[in-house]
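Visitor: give me a 3D structure for the following:
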Amino acid sequence: MGKVTGFKEFIRANPALEPVEERIRHWQEFIIPPTQEELEIQGARCMDCGVPFCHNGCPLGNIIPDFNDYVYQGKWQQALETLVATNNFPEFTGRVCPAPCESACVLSINKPAVTIKAIELAIIERAFQEGWLKPQPPKHRTGKTVAVIGSGPAGLATADQLNRAGHSVTVFERADRIGGLLRYGIPDFKLSKEILDRRLELMQKEGIIFHTGTNVGVDLPATQLLTEFDAIILAGGSTKPRDLPIPGRDARGVEFAMDFLIQANRRIAADEIPEGTDILATDKEVVVIGGGDTGSDCVGTAIRQGARSVTQIEILPKPPETRSDQTPWPTHPGPSILSTSSSQAEGCKRYWAVISKEFLKDKSGALRGIHAVQADWSSGRPEAVPGSGHELPAQLTLLAMGFLHPEHALLDDFAVDKDERGNCASHGYRTSRDGVFTAGDMRRGQSLVVWAISEGRECAREVDAYLSGRPSLLEAKSKARSDVVLEWLR
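Guide: Presented below is the predicted three-dimensional model:
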């Protein structure tokens, strides 16, 4: 490392944010980019540790110490080459990833971790600004064709990898624009759609074909795709939301979080919203049920729409502010440790250990509030605390309690097996049907964008091995080890 004592000399400096009162007035990203000097100082904090646990913490296996060191030395193009060797879309992960790599940083044992996420984002943004990223279509085509169903992060990563391998890739998306979760599930203030579009333009110039407005299994039957393509990847995501079937669920104003976010993103894109389908927080008391990232996105969106108040409730108890014995270093604690998102910091009331018992309606059938009670978790299960009943006023409630599994119509149309959780069953990334593969949330269940990209890359490796007739790299290594053992036994 260039600055072996950097972690002793410099403190962690997070990127600055626009003041709350300014950023809630617009929908643009509000992170203030650090200067080159500031970033190089942060890169110097990478501490030349003997075993870089950040590698393991990152689902993509990013070569983090190397690109940190290159940034410290001002070798930005080398940093870019290192970063994109393992990550297809650093501009996405650099914005929306919760940075499990930083949780695994050796420095974080007793000091604030290296600002890995901020450095990653700075590398890729400089690459786009300087014009270092240019279309690189494959020099040779294999003659094999691949269909990718779904254009979220898993589908795009799979398509990108297979296109680089020389296969001809077509991506099918049922929505009117490409991007899936990245376009319609994440607000613009976290991920500007201009960032997504510039990547898609690059992928198109490299030869990937995108078809929008095509609902595979409805508009286009599986039998046709199975005939026309040599391999198919199911990457439609986990889109079936978890519901809350309590009395009053039919009240007007009780909505799924993703329906709210999709419509909000469409409004920003100047799309026409069909009359009578409005889901707006303007001048309403809003309650978000669920404390995860989707709930947080609802909070920030509702505030920008001019909600009168925003409250977020969670059935789980309030997590500790530091690691517990259940989340030791270098594990990523996730929701097991208290954190406050930028949206939650914009003016949201948060309550934990709250059980929603009934949605209360006015005479017209519209939502007027939620009857709730406090939860006692001492037995390990949520039990209502006697006498704790109270009413939360609300004219809009957003259900952000996660997702159960993918929509089964697509899986049924391809006649592939499901696992016990309702996800697409697979051996590795192969489904029960020859030539049909799966990746991302459709296979593993609801997860992070960074995991979806990782899944897409791993799936592409298996598909390439299937199409080429050669074993994948991992299979080849495993066979080599087996051959050595057999030779020794002989």
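Visitor: shaky segments in the stretch 1-150 of the chain?
Guide: Scanning the stretch 1-150 of the chain for pLDDT under 70 picks out 1-2.
Visitor: quick one: the helices in it, in order.
Guide: With helices called from DSSP state H, counting those that start in this stretch, the stretch 1-150 of the chain shows them at 6-9, 20-23, 36-43, 54-57, 64-72, 76-84, 90-96, 100-103, 116-130.
Visitor: for the ones you listed, give me JSON lines that also has mean neighbour count.
Guide: From N, CA and C alone the C-beta is placed, and that goes for glycine too. Formatted as JSON lines, these follow (neighbours: other CB atoms under 10 Å):
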{"stretch": "helix 6-9", "mean neighbour count": "16"}
{"stretch": "helix 20-23", "mean neighbour count": "13"}
{"stretch": "helix 36-43", "mean neighbour count": "20"}
{"stretch": "helix 54-57", "mean neighbour count": "20"}
{"stretch": "helix 64-72", "mean neighbour count": "25"}
{"stretch": "helix 76-84", "mean neighbour count": "20"}
{"stretch": "helix 90-96", "mean neighbour count": "24"}
{"stretch": "helix 100-103", "mean neighbour count": "24"}
{"stretch": "helix 116-130", "mean neighbour count": "21"}
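Visitor: which of those helices sits closest to Gln305?
Guide: Taking CB to CB, helix 20-23 is the member of these nearest to Gln305, at 14.1 Å.
Visitor: could you point out which of the helices of the stretch 1-150 of the chain sits nearest Leu398?
Guide: helix 90-96 (19.2 Å).
Visitor: identify the residues contacting Ile116.
Guide: Ile116 sits next to Cys54, Ile64, Asn68, Ala99, Cys101, Glu102, Cys105 when contact means CB atoms under 8 Å, 6 or more residues apart in numbering.
Visitor: tell me the spacing between it and Arg23.
Guide: With distances taken as CB to CB, to the nearest Å, Ile116 is found 24 Å from Arg23.
Visitor: determine which two of the contacts of Ile116 are furthest apart.
Guide: Farthest pair in these (CB to CB) is Asn68 and Ala99. Separation: 13.4 Å.
Visitor: run through the bridge partners of Lys361.
Guide: Counting by DSSP bridges, Lys361 forms beta bridges with Leu367.
Visitor: can you count the residues close to it?
Guide: 18 (other CB atoms under 10 Å).
Visitor: report pLDDT for it.
Guide: Predicted confidence (pLDDT) for Lys361: 98.
Visitor: my read: it touches Ala251, true?
Guide: Yes - at 4.5 Å, Lys361 counts as touching Ala251 under the criterion of CB atoms under 8 Å.
Visitor: between those two, what contacts are shared?
Guide: Leu367.
Visitor: check contacts around Asn68.
Guide: Asn68 neighbours (CB under 8 Å, 6+ apart): Gly43, Arg45, Cys46, Val114, Ile116, Ile119.
Visitor: I'd say the fourth one and Cys105 touch.
Guide: Right, Val114. Yes - using CB under 8 Å, Val114 is in contact with Cys105, at 5.4 Å.
Visitor: overlap of the contact sets of those two?
Guide: In contact with both Val114 and Cys105: Cys54, using CB under 8 Å, 6+ apart.
Visitor: what's the closest non-adjacent residue to Pro221?
Guide: Nearest-residue entry for Pro221: Asp413, 6.7 Å, with adjacent residues in sequence omitted and distances by CB to CB, 6 or more residues apart in numbering.
Visitor: next, the one you found: phi, psi?
Guide: Here is the backbone geometry of Asp413 (degrees, to the nearest 10): phi -70, psi -30.
Visitor: OK, contacts around it?
Guide: Asp413 neighbours (CB under 8 Å, 6+ apart): Val216, Gly217, Pro221, Ala222.
Visitor: by pLDDT, give me the weakest of those.
Guide: Pick the lowest pLDDT in these and you get Gly217, at 90.
Visitor: what's the local residue count around that one?
Guide: 18.
Visitor: what's the answer for the one 4 residues further on, then?
Guide: Applying other CB under 10 Å, we find 13 residues neighbouring Pro221.
Visitor: from Ala409, how far out is it?
Guide: In terms of CB to CB, Pro221 sits 12 Å off from Ala409.
Visitor: how is this protein divided into domains?
Guide: Domain segmentation of the chain under automatic domain parsing yields 6-130, 145-239+404-476, 245-400.
Visitor: between the helices of the stretch 1-150 of the chain, which gets nearest to Asp243?
Guide: Nearest to Asp243, of these and by CB to CB, is helix 90-96 at 25.4 Å.
Visitor: the closest one: how far from the chain's middle?
Guide: Distance, stretch centre to chain centre, for helix 90-96: 9 Å (CA atoms, centre = their mean, to the nearest Å).
Visitor: likewise for stretch 456-472?
Guide: Counting by CA atoms, centre = their mean, stretch 456-472 comes out at 24 Å from the chain centroid.
Visitor: do stretch 236-251 as well
Guide: From the chain centre to the centre of stretch 236-251 is a distance of 21 Å (CA atoms, centre = their mean).
Visitor: list the buried ones in it?
Guide: Neighbour-count burial for stretch 236-251 flags Gly236, Gly237, Ser238, Thr239, Pro241, Leu244, Gly248, Ala251 (criterion: 16 or more other CB atoms under 10 Å).
Visitor: now that stretch: average pLDDT?
Guide: For stretch 236-251, the per-residue pLDDT averages 97.
Visitor: for it, measure first residue to last.
Guide: 30 Å (CA to CA, to the nearest Å).
Visitor: among the contacts of Asp413, name the ones in strands.
Guide: Assignment to strands by DSSP state E places none of the contacts of Asp413 there.
Visitor: farthest-apart pair in those residues, please.
Guide: Maximum distance among the contacts of Asp413 (CB to CB): 8.1 Å, for Val216 and Pro221.
Visitor: and the strands in the stretch 201-350 of the chain?
Guide: For the stretch 201-350 of the chain, the strands defined by DSSP state E, counting those that start in this stretch cover 209-211, 231-234, 240-241, 254-256, 285-289, 309-314, 349-352.
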